[in-house]
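> coords please:
(2 chains)
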There are 2 protein chains.
Amino acid sequence: MRATIMYQAGDVRIENIPDATIKQPTDAVIRVIRACICGSDLWPYRLKQADGHGQYMGHEAIGRVEAIGGDVRKIKVGDLVIMPFAYSDGSCDFCHEGLHTACSHGGFFGSPDVGGAQAEALRIPQADGTLYPLPVGEDHALMASLLTLSDVMGTGHHAAVVSRVGKGKRAAVIGDGAVGLCGVIAAKRLGAEQIILLGRHPDRIALARQFGATDVVSERGDEAVERIRELTAGQGVHSVLECVGTDQAMATSMGIVRAGGGVGRVGVPHYDVIPQAQPMFYRNVLVGGGPAPVRAYIDELLPDVLEGRIQPGLVFDRTVGLEEVPDGYRAMDAREAIKVMVKP
Amino acid sequence: MRATIMYQAGDVRIENIPDATIKQPTDAVIRVIRACICGSDLWPYRLKQADGHGQYMGHEAIGRVEAIGGDVRKIKVGDLVIMPFAYSDGSCDFCHEGLHTACSHGGFFGSPDVGGAQAEALRIPQADGTLYPLPVGEDHALMASLLTLSDVMGTGHHAAVVSRVGKGKRAAVIGDGAVGLCGVIAAKRLGAEQIILLGRHPDRIALARQFGATDVVSERGDEAVERIRELTAGQGVHSVLECVGTDQAMATSMGIVRAGGGVGRVGVPHYDVIPQAQPMFYRNVLVGGGPAPVRAYIDELLPDVLEGRIQPGLVFDRTVGLEEVPDGYRAMDAREAIKVMVKP
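The predicted structure follows:
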């Protein structure tokens, strides 16, 4: 079967690999119906050193179940399913608490052992806990929005939940990628009154406004902090959705968060420490976040997608076949595309 | 009147200063009935450089209102009141949200402009918002426990709230000072099933067990982390109450917190950054806390004190008159006393 392999920065190839098969009785195999390229895939696309080993890519998918292991009970062959970016058993303490990304028997797609979703098919460990069967067919008009429940919509929601977005509150979203845009949707959905997007790209800004952003700040660093203080009666925002992961983004977060406010980190951090530990203390600021337990959030978000109240699928502005995936990476890296959907 | 002034590390004196008087129409003046020495007072006692200026000391008190300004409406002359360690107007956005320590017109006692509570009397800015009238007389047997509502009990409670202690959860309390001991009370009160105290002093450990600690870990650093992992099925604790404020205490916090757990910081931080930002992210750990809005917590904690369900006043193991306050500092610094009460 065909699959996407990243060899080093800028070197993504579509190659033949052995067909996905059942290895454990708790496995399923899915045929990939839709996959996509994630902003986090751009980190290795920019930084990966050549080490002679390729990395399987892709961790977001909607698939059709083709085979199941002998211990799979809930998932059936033929089901159309959402594949969250992490697999999880659905039965450990962490899964019961809704933190599937800390599952005792879990892990992440896109590793040598598990494989990636930018491929024709994929083995799914812990199929019963991982996969979420959909009540719709694969031609459903909402397929793009449903696909975002595998990562970016759930991740934006996580940033909003962790940073305690609530009714009538002020929120700022750092980052105008797909996760940041879904963060705008999540902030609006949870009742934020003011939603400030920090971003610079006209097409993304337009989409953010469509999703509910009330203000846009295109300055950076201290200028951005000053501008947001102007927009918030000098106080800053109750909630910062940090959807980038750089030290600059964290410094800005600390500069714009209101006393008593929260910073929800969902950008994969490329820094080692949280700065400003003393001002953070004296202002009672909370910092949290991490890999979103998107599996837990599907129950809450799915009805809003199915009934059209939110349209996160609008973040996809390009669709490619599997053989064109390398060009999809190039387009996202060049910011020609917000998010690329893959139809293998 | 007599008051406590700190000139430099180890140099605390009781001196005559001008009598406390009303300066603003929103002020009150209280006669100090009980005050105390705080663990945070030991930081300047150990570190303050001589600069020719003395620092007024003391930020916890129960007092009798002696005078009020023309705009004071709720507080009356003769009221017996709790004086929280921060003053606050009770009417700004932050006070309405319960974060009185970020009050737009607030500040902290023990500054040149406001004065300290280790004194015969004290001017109280924003008296209506700051002071909490008590429904009991000053000979009441619970005076010691009521005094803790001015700081340490509310502060321990804040650490527990921020770190999300809840029914059936595991908590660890770093620090066996008065705040840590009150943190044990708070964790027990909020339903924690396992409460691990990190401390080394037999008298404090005994009191912690009386307050509800189920386990005691006297190791430090990596050994403490390993011991707590053994005590928690390898997972760590849901909630860390960080009641010390050193970088070592933060490193330990990060080592013992469970995935998805929280660290509530109430020890005044003597470090500049929060370490381990990447493991913290991948494990979805939350860090929060700061100066506790103890004014907001009195409503919740007072009934438990008055009805004897909690006895935080047991942290006081020595009582001194005002002239003996310097010896009280010495005793707390030498760990001869857990917490010293002052009866001026």
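
> from here on, contacts and neighbour counts on C-alpha atoms
OK.

> In terms of helices and strands, where is A:Gly156?
helix A:152-162 (DSSP states H and E).

> which strands and helices sit next to that helix?
Under the contact criterion of 3 or more Cα pairs under 8 Å, 6 or more residues apart in numbering or on different chains; DSSP states H and E, helix A:152-162 touches helix A:178-189, strand A:237-242, strand A:257-265, strand A:286-289, helix A:294-306.

> which residues does the residue lying closest to A:Ala3 once chain neighbours are set aside contact?
Nearest non-adjacent residue to A:Ala3, counting by Cα to Cα, 6 or more residues apart in numbering or on different chains: A:Ala119, 3.9 Å away. By Cα atoms under 8 Å, 6 or more residues apart in numbering or on different chains, the contact set of A:Ala119 is A:Met1, A:Arg2, A:Ala3, A:Thr4, A:Val32, A:Gly58, A:Leu322, A:Pro344.

> burial of the closest residue to the fourth one other than its chain neighbours, as a residue count?
Of all residues not flanking A:Thr4 in the chain, A:Ile14 sits nearest, at 4.6 Å (Cα to Cα, 6+ apart). Other residues within reach of A:Ile14, judged by other Cα atoms under 10 Å in any protein chain shown, total 18.

> tell me which of the contacts of A:Ala119 is nearest to B:Asp222?
A:Gly58 (37.2 Å; Cα to Cα).

> Can you verify my assumption that that closest one contacts A:Val114?
No - A:Gly58 is not in contact with A:Val114 according to Cα atoms under 8 Å; the separation is 10.9 Å.

> Tell me the buried residues within the contacts of A:Ala119.
Buried members of the contacts of A:Ala119, counted by 16 or more other Cα atoms under 10 Å in any protein chain shown: A:Arg2, A:Ala3, A:Thr4, A:Val32, A:Gly58, A:Leu322, A:Pro344.

> which non-adjacent residue is nearest the last one?
Pointing back at A:Pro344 there. A:Leu322 (4.7 Å).

> The one you found: what's it in contact with?
Counting by Cα under 8 Å, 6+ apart, A:Leu322 has contacts A:Ala3, A:Thr4, A:Ile14, A:Gln118, A:Ala119, A:Glu120, A:Val342, A:Lys343, A:Pro344.

> element containing A:Val173, please.
Here A:Val173, judged by DSSP H and E, is contained in strand A:170-174.

> That strand vs chain B: in contact?
No - on the criterion Cα under 8 Å from any Cα of the partner chain, strand A:170-174 is out of touch with chain B, staying 13.2 Å away.

> That strand vs helix A:152-162, what angle?
If you take axes from the mean of the first three to the mean of the last three Cα atoms, to 10 degrees, strand A:170-174 sits at 130 degrees to helix A:152-162.

> what is the mean pLDDT for strand A:170-174?
What strand A:170-174 shows for mean pLDDT is 98.

> Which neighbours in the sheet does that strand have, and how are they oriented?
strand A:194-198 (parallel), strand A:237-242 (parallel) (DSSP bridges).

> which residues are in contact with it?
Strand A:170-174 has contacts (Cα under 8 Å, 6+ apart) with A:165, A:180, A:183-184, A:187, A:192-199, A:232, A:237-244, A:249, A:253.
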